[in-house]
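>>> requesting a structural model of the entry that follows:
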Amino acid sequence: MLHLRSGREFSLLNGHPWVFSGAFRELPEDAPAGIVADVVSGRGDWIARGHLNARNSLAFRVLSRNQDEAIDADFYQRRIRRALALRRLLPADASAYRLVNAEGDGLSGLIVDRFDRWLVVQFHTAGVECQRDLILDALQAIVSPDGILARDDIRVREREGLATGGAAVARGEVPPLLTIAEGTVRYLVDPWHGQKTGFFLDQRDKRAAIASVSGDARTLLNCFSYTGAFALAALARNPALRTVNVDASAPALDLARRNFALNGHDPDAHEFVTGDVTRFLQAAHQDGRDFDIVLSDPPAFAKNLGMKERALRGYETLNTHAARAVAPGGLLLTCSCSGAVTRDEFEAVVRAGLIHAHREAQLVADFGPSLDHPTLPGFVEDRYLKALLLRLY
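Residues are numbered from 1 along each chain as shown. Below you'll find the predicted structure:
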C-alpha cells in the first residue's frame, strides 16, 4: 500500500494516470520494479491500482480505479477487447491501426500496432515487461494473429531499468515485409527495422486530408517522406501529381520507390532525394522552385523538457524554409511529434516562421489524436502529435 502525501491525490482523483515519486510519503526502495501496488490518499482512502517502479521519478502508473479488479490474465483480455471495440469504428478498408495506445486504452506502457494479420508490440515500462507473457497470451487469444513481433529497441526502456535489444518474434511467424492497405493505397512495411513499429499509423487522418485537397495540385513536396505514404495518398486522388520525396534515409526511399511501383506509379516519374530537408528547402528557394502542396513531418525535435527551447527554434526555422517553398495559394501541412511542445507553442513558432518568410496564411484544419490513438481527458502529456494545415499567399 502506497500512501500519498496530504493533498497530493488531486490529480489522481481527476483522472491523471501518473504519480511522481515526490507525491508519496515514502516508497519501498527494495520493491521489484514493475510490481502491482495500490495507492491510498493521505487519509487512507483507496484510489487506484497500478504498476510501481520506485527507481523511476515517474513512480506509479494507473491500471485500474476499481478496488475489486485484479491485474491478471482476465484484466488484460478485458482491456484488449475494449480497445479492439473502439478500432472497429475505423473504416473497413484500413487493415493497419494502433490496437493499444498505452494510457489511452488503460494499459500504461503498452503499445500494440496491428498490420493486417500481424502485431508489433512495444513494452515501454517495467510493469508491462513483468507481465509480458500474460499480455502476449491475451493478444493471441483475442486477435489470433499469424505472428507477434516484440520491438525492444526503444530507448525509453532504459529509463525503466530495462534492457534494450532488437526485434524478436514472440508468437508465430513475422515476415521481413508486410503489406497493408488504407483505402485503395497499399504500403510495404518493415516491422523489424522501420521507424516506430514500421509505419506512421498516427498520420492516417492527415493522409486522408491531403488526399482530399490534392485534386487540382500539380506538384507536391514530401519532406521527411520516409516510405512515401503522404505522396501515395495524394496520388490516389490525383495520379497526374508530380511528387518530390526528401528523406535522410536511403533505405526508406528505396522502400518508397517500391511502394510507388506497388500502387502502379512509375517511380522514375517522381523525385526521391536522399539528404537534409533544410538544405533542400534552401536550395529550392534559391532556385525559385515552389510546390502546390508542401508536407513537413519531421522526427521529434524534443523528447524531453530539457530540449524544448532548442526544439522551438528548430521548428521556427524549418517552417520558415517550408513556407518559402509553397506556391501562392498552395497548402502547407506542418507537423510536430515532440511531446514536450504544446499545441499552442507549436502554432506560435509556425506563425513566427510564416512572418520570417513574409507569407500570409489561413489555418484551414487542425489535427490532434486520431481514433486509434485515443488519449485521456486532461492528460495533455500524451498529446504528442500536432498538425496544422495552412493555405499560404
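
>>> quick check: M307 touching A340?
Yes. Taking contact to mean C-beta atoms under 8 Å, the distance of 6.7 Å between M307 and A340 places them in contact. Yep, even glycine has a C-beta here, placed from its N, CA and C like the rest.

>>> so which of those two has more stuff around it?
Using other C-beta atoms under 10 Å as the criterion, M307 and A340 rank with A340 on top: 20 against 16.

>>> surely that one and K303 touch.
Yes. Counting by C-beta under 8 Å, a contact exists between A340 and K303, whose distance comes to 7.1 Å.

>>> show the end-to-end separation of stretch 57-68, please.
With C-alpha to C-alpha, to the nearest Å as the measure, stretch 57-68 spans 28 Å from end to end.

>>> wait, stretch 297-306
Using C-alpha to C-alpha, the span of stretch 297-306 from its first residue to its last is 22 Å.

>>> can you tell me what sits against it?
Outside of stretch 297-306, the residues within contact range by C-beta atoms under 8 Å, 6 or more residues apart in numbering are 195, 200, 203, 223-224, 226, 230, 277, 307-308, 310-312, 314-315, 318, 333, 335-341, 384, 387.

>>> which of those residues fall within helices?
Applying DSSP state H to the contacts of stretch 297-306, the entries found in helices are 230, 277, 308, 310-312, 314-315, 318.

>>> now do V364 against P298, distance only.
Counting by C-beta to C-beta, to the nearest Å, the gap between V364 and P298 amounts to 21 Å.

>>> what's the answer for V350, then?
Taking C-beta to C-beta as the criterion, V350 is separated from P298 by 13 Å.

>>> those two: which has the busier surroundings?
Neighbours were counted for V350 and for P298 using other C-beta under 10 Å; V350 has more, 26 against 18.

>>> pretty sure that one is touching L318, no?
No. Counting by C-beta under 8 Å, V350 does not reach L318; the two are 9.4 Å apart.

>>> in terms of helices and strands, where is R114?
Taking DSSP states H and E as the criterion, R114 maps to strand 110-115.

>>> so what touches that strand?
Applying C-beta under 8 Å, 6+ apart, the set of residues contacting strand 110-115 from outside is 80, 87, 95-102, 119-124, 128, 135, 139, 143, 145, 178, 180, 189, 191, 196-199, 201.

>>> I148 contacts F123, doesn't it?
No. Judged on C-beta under 8 Å, I148 makes no contact with F123 at a distance of 11.7 Å.

>>> what ranges do the strands span in the stretch 1-150 of the chain?
2-3, 18-20, 35-40, 46-52, 58-64, 96-101, 110-115, 118-123, 147-151 (DSSP state E, counting those that start in this stretch).

>>> out of these, which gets nearest to D287?
Between D287 and the strands of the stretch 1-150 of the chain, the shortest gap by C-beta to C-beta is with strand 96-101, which sits at 37.5 Å.

>>> that closest one packs against which elements?
Applying 3 or more C-beta pairs under 8 Å, 6 or more residues apart in numbering; DSSP states H and E, one finds that strand 96-101 contacts helix 73-87, strand 110-115, strand 178-182.

>>> what is the neighbour count of G22?
Residues lying near G22 (other C-beta under 10 Å) number 10.

>>> for it, what are its contacts?
Taking C-beta under 8 Å, 6+ apart as the definition of contact, the neighbours of G22 are S57.

>>> could you check how far it is from L281?
G22 sits 44 Å away from L281, going by C-beta to C-beta.

>>> what do you get for D153?
Separation of D153 from L281 (C-beta to C-beta): 31 Å.

>>> what do you get for L371?
Separation of L371 from L281 (C-beta to C-beta) stands at 32 Å.
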